[in-house]
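Trainee: pasting the sequence and the predicted model now:
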Amino acid sequence: RCLSQRWQRGGNASNSCTVLSLLGAPCAFMGSLAPGPVADFVLDDLRRYSVDLRYTVSQTTGSVPISTVIVSEATGSRTILHAYRNLPDVSAADFDKVDLTRFKWIHIEATARPSPLQGRNASEQVRMLQRIEQHNATRPPGQRIRVSVEVEKPREELFQLFGYGDVVFVSKDVAKHLGFRSAGEALRGLYGRVRKGAVLICAWAEEGADALGPDGRLLHSDAFPPPRVVDTLGAGDTFNASVIFSLSQGKSMQEALRFGCQVAGKKCGLQGYDGIV
């Protein structure tokens, strides 16, 4: 028997846009939607947070994926039942329509669907990242777009995205899949995959988060757990967005890491995102 139920917009990039907006950063969302009442709910909720939707891609096939999330009132832990409904991903051709001069930071969530087309979208995302690189090559340093990438799922075809981005987030799941037992161990083992000068970041739940940059110094922030865990759904997206926001404001990597852990910890004590600031 469930004590209550509610609808909540999800999706990694969508969640991060919510957090960025609450922190005070103007941001835009680019993702696929299919027309219908679920898409209307998603778009209305994004508008509530003043997220720019001009680059949302409306697909003619498939329908919006839905997850049923069972949250334990006692611990805040979650069980997710996901229904993927064959909605096409955003393509490189869609991304070609984006006016890159409007942005100072672009974050890309590495995605690949468990289907016969697995890996296709990773290749599309590489093309998107290469377009940003080409754009940056024509700009003076102060006008270049900073890029971050998250490699969240333990799927081999996504690992090519380690080589792109000024900031690369690697998940605990991927790190454990590759045989690492801690954030620090993962960063040392995976840093050779990122491009020269990049920062690699790994959050490790209640153990906090670590970062490793080109100077070889391993940075760490402890976690900031709330007095009572209420809802951990989207905590990782909250961490990513908070780190991006902090770095975009000129903060150091150590400051950004700590800020990310602080905001993510506060989010775990709340249902949803309202109230994180």
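Mentor: Ah, there it is.

Trainee: list the contacts of stretch 58-75.
Mentor: Stretch 58-75 is contacted by residues 2-3, 10, 32-36, 38-39, 42, 77-88, 229, 231, 233 when judged by CB atoms under 8 Å, 6 or more residues apart in numbering. In this view, the C-beta of every residue, glycine as well, is placed from N, C-alpha and C.

Trainee: please pick the buried ones from those residues.
Mentor: 10, 32-34, 38-39, 42, 87-88, 229, 231, 233 (16 or more other CB atoms under 10 Å).

Trainee: quick check: the farthest pair among those?
Mentor: Across the buried ones among the contacts of stretch 58-75, the longest distance by CB to CB is 36.1 Å; it joins Pro88 and Val229.

Trainee: poorly predicted segments of the stretch 1-150 of the chain, please.
Mentor: Residue ranges of the stretch 1-150 of the chain with pLDDT under 70: 112-120.

Trainee: where along it do the strands fall?
Mentor: Per DSSP state E, counting those that start in this stretch, the stretch 1-150 of the chain carries strands over the ranges 32-33, 57-58, 66-71, 78-83, 105-109, 146-151.

Trainee: circling back to that earlier point, of the buried ones among the contacts of stretch 58-75, which is the nearest to Phe162?
Mentor: Once CB to CB is applied, the member of the buried ones among the contacts of stretch 58-75 that ends up nearest Phe162 is Ser32, at 24.0 Å.

Trainee: picking up where we left off before, winner for burial among the strands of the stretch 1-150 of the chain?
Mentor: Greatest average neighbour count among the strands of the stretch 1-150 of the chain goes to strand 146-151 (a mean of 23), per mean count of other CB atoms under 10 Å.

Trainee: after it, next one along is what?
Mentor: As assigned by DSSP states H and E, the chain's next helix or strand after strand 146-151 is strand 167-170.

Trainee: list the contacts of the residue lying closest to Leu129 once chain neighbours are set aside.
Mentor: Leaving aside its chain neighbours, Leu129 sits nearest to Tyr164 (4.2 Å; criterion: CB to CB, 6 or more residues apart in numbering). Applying CB under 8 Å, 6+ apart, one finds that Tyr164 lies in contact with 126, 129-130, 133, 147, 149, 195.

Trainee: now do the buried residues in stretch 148-166.
Mentor: 148-153, 155, 158-162, 164-166.

Trainee: what number of residues lie near Leu247?
Mentor: 22 (other CB atoms under 10 Å).

Trainee: please name the residues that touch it.
Mentor: Counting by CB under 8 Å, 6+ apart, Leu247 touches 146, 167, 253, 256.

Trainee: equivalent analysis for Lys196, please.
Mentor: Lys196 sits next to Pro214 when contact means CB under 8 Å, 6+ apart.

Trainee: quick one: it from Gly213, how far?
Mentor: Applying CB to CB, to the nearest Å, the value for Lys196 to Gly213 is 11 Å.

Trainee: again, but for Ser50
Mentor: Distance from Ser50 to Gly213, by CB to CB: 33 Å.

Trainee: those two: which is more packed in?
Mentor: Comparing Ser50 with Gly213 by other CB under 10 Å, the one with more neighbours is Gly213, at 18 against 11.
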